[in-house]
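A.B. asks: Structure of the sequence below:
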Amino acid sequence: MNYRDQDILRLMDAEMQRIAEEHLRGFLREAPNPNKFWQPRVDLHETVSSIVIKVEVSGVKTEKLSVSISNDDRFLTIAGERYEEDEERESRIRCYQLEIYFGPFERQIYLPNNVRINRDGIVANYRDGFLIITLPKREGVTTNSRTITVSE
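C.D. replies: Numbering: from 1, shown residues only. Sure thing, here's the model as predicted:
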């Protein structure tokens, strides 16, 4: 088995774990979360020095984005809201295709188990419709949650 095959198997395993965790959380949740009307698409990859998360949030204003990391470095939570102008919506007389979601969202992204994050070095930038969060790696254990400021 070559490295590419191993990478594909690792990605499939991670995706199966993510799907199982999402369904388990959905099953255990008593009431629907009002902040989870839609979920943006996410890419997550690791470099030598960091974990990088790229979130597709075009049309969301930076002041409506919230990013935080859990106490144990296990997951990152991204929340926000995308608005549609009232006048645009009210001027429609007929809709032929509607695929863009508006309203609040919340997305929890599970981070790799074996990576510890340098919380003081976390950076979040919003550019060209993407929120790019860089979480630098570090050794040791962390105990405090942190909110990350998003800049343009």
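A.B. asks: contacts, neighbours, all on C-alpha from now
C.D. replies: Noted.
A.B. asks: Name the residues of the least confident helix or strand in the chain by mean pLDDT that come out as buried.
C.D. replies: Using mean pLDDT, DSSP states H and E, helix 3-28 stands out as the lowest-scoring helix or strand of the chain, at a mean of 75. For helix 3-28, a neighbour-count test (16 or more other C-alpha atoms under 10 Å) marks nothing as buried.
A.B. asks: Past that helix, which element shows up next along the chain?
C.D. replies: Downstream of helix 3-28, the next assigned helix or strand under DSSP states H and E is strand 42-46.
A.B. asks: quick one: that next one to chain centroid distance?
C.D. replies: 9 Å (C-alpha atoms, centre = their mean, to the nearest Å).
A.B. asks: That one pairs with which strands?
C.D. replies: strand 50-56 (antiparallel) (DSSP bridges).
A.B. asks: Can you pull out the residues in contact with the strand it pairs with?
C.D. replies: Applying C-alpha atoms under 8 Å, 6 or more residues apart in numbering, the external contacts of strand 50-56 come out as 40-46, 129-137.
A.B. asks: Burial check on residue 60, number of neighbours?
C.D. replies: 20 (other C-alpha atoms under 10 Å).
A.B. asks: ok, back up a step: buried only: go through the contacts of strand 50-56 for me.
C.D. replies: Listed as buried from the contacts of strand 50-56 are 130-137; burial here means 16+ other C-alpha under 10 Å.
A.B. asks: low-confidence ranges in the chain?
C.D. replies: 1, 22-23, 25-36, 140-144 (pLDDT under 70).
A.B. asks: can you list the domain ranges for it.
C.D. replies: 1-31, 34-151 (automatic domain parsing).
A.B. asks: Pick the most buried one from those.
C.D. replies: domain 34-151 (a mean of 15; mean count of other C-alpha atoms under 10 Å).
A.B. asks: Report the distance from that domain to the chain centre.
C.D. replies: The answer for domain 34-151 is 4 Å, by C-alpha atoms, centre = their mean.
A.B. asks: returning to that earlier point: what's the farthest-apart pair in the contacts of strand 50-56?
C.D. replies: Spanning the widest gap among the contacts of strand 50-56 are 129 and 137, at 25.6 Å by C-alpha to C-alpha.
A.B. asks: now the helix or strand harbouring residue 105 and strand 50-56, what's the angle there?
C.D. replies: Applying DSSP H and E as the criterion places residue 105 in strand 103-110. Inter-element angle recorded for strand 103-110 and strand 50-56: 160 degrees (by axes from the mean of the first three to the mean of the last three C-alpha atoms, to 10 degrees).
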